[in-house]
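Asker: just coords:
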C-alpha cells in the first residue's frame, strides 16, 4: 500500500492512533483501509481511518518477526484485504475489540452487517457496534478465552435470529425496549427507546427525562 511496508524486509514502525494510542511493531500486511501490525506478541488489525500517522522507528530491544501465521486468515489478493473482510473472517474467533473512547470488549463476532456488527460478550451479551467506531481488534490465540472461561461457559454459536441490514434499521427494532448506550458511561445513556427521528434517538431515562442522542455518536448498544 505504501513504500514504508512494501517488500520482504519489514520495517519497524510506530503507529499513532487518534486519541493518543500508540502501537509499535512491523506492518505484517495491509489493504485498502487496514493495516495488520505485529507488535512482538499479537497481530493487531487497525482501520486506516483511525490512524493519525505512521513513522519508521527503532525497537528498544531485539525484535523477532512472527513465527506463526495470523489467527485471522489473510487474503492472498491484496485488493480484497479490507477491514470488512477481516471482520467476516474473524467471526467465531475470541478477540479483544477497542472502541472509540478507549472502551474495550472481549468476546466474539456473531454477524457482520452493512455498517455494524453483532458482538457476543460474556459481560454484555449481544451488543451492536457500528463498524466506523472500531479502532482495532486483537484475536486471542486458539487456546485463550475471555476471563478464563471454559468452552462450556462461553463458546461461539451461530446467531439464532435475523438482524437488520444496517444500524439505523436495527435501532428501529429496539423501540420500547430498555437499552444501554456506549456501555453506560453516562446516566443518560441508559433508558427506554421512545422514538427514532432521523439521526436522533429518544430515550426515557430512569428519572423519566427525555434525552435525545445523536445516532452518529452511538458507539455500542445492548438490551437489558
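Answerer: Everything's here; your move. Note that this is a predicted model, so its numbers are computed, not measured.
Asker: only C-alpha atoms for contact and neighbour calcs from this point on.
Answerer: Noted.
Asker: what ranges do the helices span in this protein?
Answerer: For the chain, applying DSSP state H gives helices covering 83-89, 167-172.
Asker: Tell me which of these sits most buried.
Answerer: Taking mean count of other CA atoms under 10 Å as the contact definition, the stretch among those with the greatest mean neighbour count is helix 83-89, which reaches a mean of 18.
Asker: distance between that helix and the chain's centre?
Answerer: 11 Å (CA atoms, centre = their mean, to the nearest Å).
Asker: again with stretch 129-139
Answerer: Taking the mean of its C-alpha atoms, stretch 129-139 sits 2 Å from the chain's own mean (CA atoms, centre = their mean).
Asker: and what of stretch 146-157?
Answerer: Its chain's average C-alpha position is 19 Å from that of stretch 146-157, according to CA atoms, centre = their mean.
Asker: One more: stretch 103-113?
Answerer: So, by CA atoms, centre = their mean, the centroid of stretch 103-113 is 6 Å from its chain's centroid.
Asker: which regions of this protein sit below the pLDDT cut-off?
Answerer: Applying pLDDT under 70 to the chain picks out residues 1-9, 74-79, 159.
Asker: If we use 90, what do you get?
Answerer: Filtered on pLDDT under 90, the chain yields the residue ranges 1-11, 19-20, 28-32, 58-81, 92, 100-102, 141-145, 150-161, 185, 224.
Asker: so what's residue 51 closest to, chain neighbours aside?
Answerer: Counting by CA to CA, 6 or more residues apart in numbering, the nearest residue to residue 51 once its immediate chain neighbours are dropped is residue 17, at 4.4 Å.
Asker: would you list the helices of the chain in CSV and tack on distance to residue 38?
Answerer: Supplementary listing: those in CSV, determined by distance: least, CA to CA, whole Å:
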stretch, distance to residue 38
helix 83-89, 15
helix 167-172, 31
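Asker: Residue 59: which of those is closest?
Answerer: Nearest to residue 59, of all the helices of the chain, is helix 83-89, at 27.0 Å by CA to CA.
Asker: Residues touching that closest one, excluding its own?
Answerer: 33-34, 45-47, 72-74, 109, 111-112 (CA atoms under 8 Å, 6 or more residues apart in numbering).
Asker: The same query, at a cut-off of 7 Å, please.
Answerer: Surrounding helix 83-89, the residues in contact under the criterion CA atoms under 7 Å, 6 or more residues apart in numbering are 33-34, 47, 72-73, 112.
Asker: so of these, which ones are in strands?
Answerer: For the contacts of helix 83-89, the ones inside strands are 34, 47, 112, with DSSP state E as the criterion.
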